[in-house]
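> Task: produce atomic coordinates for the following.
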Amino acid sequence: MAAITRDLQKPVPWTLLYADDMMLGCEDKDEIERQMQAWCDRVAMFGLKMNVKKTEYLTFDVYKSGSIKINGT
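Numbering: from 1, shown residues only. Sure, this is the predicted structure:
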């Protein structure tokens, strides 16, 4: 995964890859949705897909919704 997403990766701590897991960090919800979509699109080009059921979203803003959209859902 590191090779096919090299241009999408940001320096630690914003992107962490480990085996078949990854962690993306962003400063706002819109940016994380854009990043997730970019990653989903990229891995799909290689016959892979993100497991939306295993995807978690964490926010430190108590006034914002605790969910994001991936692939429009």
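
> can you tell me which residues contact the closest residue to Asn71 other than its chain neighbours?
Spatially, and ignoring its direct neighbours in sequence, Asn71 is nearest to Cys40 (6.0 Å; CB to CB, 6 or more residues apart in numbering). Placement of C-beta: from N, CA and C, glycine included. Neighbour list for Cys40: 49-50, 70-71 [criterion: CB atoms under 8 Å, 6 or more residues apart in numbering].

> can you check Met23 too?
Applying CB under 8 Å, 6+ apart, we find Met23 in contact with 15-16.

> Who are the contact partners of Met1?
Contacts of Met1 by CB under 8 Å, 6+ apart are 17, 20, 22, 43, 48.

> Quick check, pLDDT for it.
At Met1, the pLDDT value in this model is 74.

> From Val62, how far out is it?
33 Å (CB to CB, to the nearest Å).

> hang on, the earlier thing: okay if I get the contacts of Met1 as JSON lines plus neighbour count?
Below are the contacts of Met1 laid out as JSON lines (neighbours: other CB atoms under 10 Å):
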{"residue": "Leu17", "neighbour count": "14"}
{"residue": "Asp20", "neighbour count": "8"}
{"residue": "Met22", "neighbour count": "17"}
{"residue": "Val43", "neighbour count": "17"}
{"residue": "Leu48", "neighbour count": "13"}
